[in-house]
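Peer 1: Quick check, what structure comes out for this input:
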Amino acid sequence: MAIYIIEHLEPRVFKWCLTEYKNISKIVGKENLWFTNIKRKNRNLSRLGKQIKESVSELNLKNSCILDPEAKQTLTPREAKKFDYLIFGGILGDYPPRKRTSSELTSKIKNTEARNIGKKQFSTDNAVYVTKEIISGVPLEKMKFQDNLTIQINDIESIELPYCYPIINGKPQISKELIKFLKNKKSF
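Peer 2: Presented below is the predicted three-dimensional model:
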């Protein structure tokens, strides 16, 4: 099985990041997950996968692919199997997107290929989920998605998440822990 690498690109491991990283560990398994660019050891991340202080750009990995919405080619099941390492930007999304994966990751790693999983913006955990499905043989065009998701906080407030969500068993894929986190967050 391929190794899924999350290049952490935020100034620290925020609670929202950690929540997505937990979900990624559930999706691919701790033994298949690396976190790179982690400057200080993080006990919580140790439970989820392998921590590496260096940036993935310093690891000189062969047969690797960066998942970047700006990549020209879309990842297909046939070619996905040839990659030993799948690299994702550990980025809390901005809306509108600032193309950080491209500028902070793809442009800095040499000798790797870049593919997209569509042109829409996914959360990191959902990007990993969709990629794993493609590796399992499901082409992107056979998957169902929902754009935007509204989380009802209380009778008055709600949060609009402007990302793309894969549909699983008729529902958008989002971790229960993230919903709980959003409902309990004091401010945004």
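
Peer 1: Run a quick neighbour tally on the spatially closest residue to E104 that is not a sequence neighbour.
Peer 2: If the residues on either side of it in the chain are set aside, E104 comes closest to L9, at 5.4 Å by Cβ to Cβ, 6 or more residues apart in numbering. From N, CA and C alone the C-beta is placed, and that goes for glycine too. By the criterion of other Cβ atoms under 10 Å, L9 has 19 neighbours.

Peer 1: so what's L9 up against?
Peer 2: Residues in contact with L9 (Cβ atoms under 8 Å, 6 or more residues apart in numbering) are 37, 89-91, 100, 104-105.

Peer 1: Backbone torsions only: list them for it.
Peer 2: phi -120, psi 10 (degrees, to the nearest 10).

Peer 1: how near is it to L92?
Peer 2: L9 sits 9 Å away from L92, going by Cβ to Cβ, to the nearest Å.

Peer 1: Next: I134.
Peer 2: Between I134 and L92 the distance is 24 Å, computed by Cβ to Cβ.

Peer 1: Would you agree T150 is in contact with E157?
Peer 2: No - the criterion here is Cβ atoms under 8 Å, and T150 misses it with E157 at 10.7 Å.

Peer 1: Contact partners for K41?
Peer 2: Contacts for K41 (Cβ under 8 Å, 6+ apart) come out as Q51.

Peer 1: ok, back up a step: return the subset of the contacts of L9 lying in strands.
Peer 2: 89-90 (DSSP state E).

Peer 1: still on that earlier bit, I134 and L92: which is more packed in?
Peer 2: Neighbours per residue, other Cβ under 10 Å: of I134 and L92, the larger number sits with I134, 25 against 13.

Peer 1: Buried residues, stretch 170-178. List them.
Peer 2: Residues 172-175, 178 are the ones in stretch 170-178 that count as buried (16 or more other Cβ atoms under 10 Å).

Peer 1: Just the ones in strands from these, please.
Peer 2: Short answer: those in strands (DSSP E) are P172.

Peer 1: nearest to R78, of the buried residues of stretch 170-178?
Peer 2: Q173 (24.1 Å; Cβ to Cβ).

Peer 1: Give me the pLDDT for that closest one.
Peer 2: The model reports Q173 with a pLDDT of 96.

Peer 1: Run a quick check on it versus I167, I expect a contact.
Peer 2: Yes - Q173 is in contact with I167 according to Cβ under 8 Å; the separation is 7.3 Å.

Peer 1: what residues are up against the residue nearest the centre of the chain?
Peer 2: Centroid check for the chain by Cα atoms, centre = their mean gives T124 as the closest residue, at 1.9 Å. T124 is in contact with 6, 20-21, 24, 88-91, counting by Cβ under 8 Å, 6+ apart.
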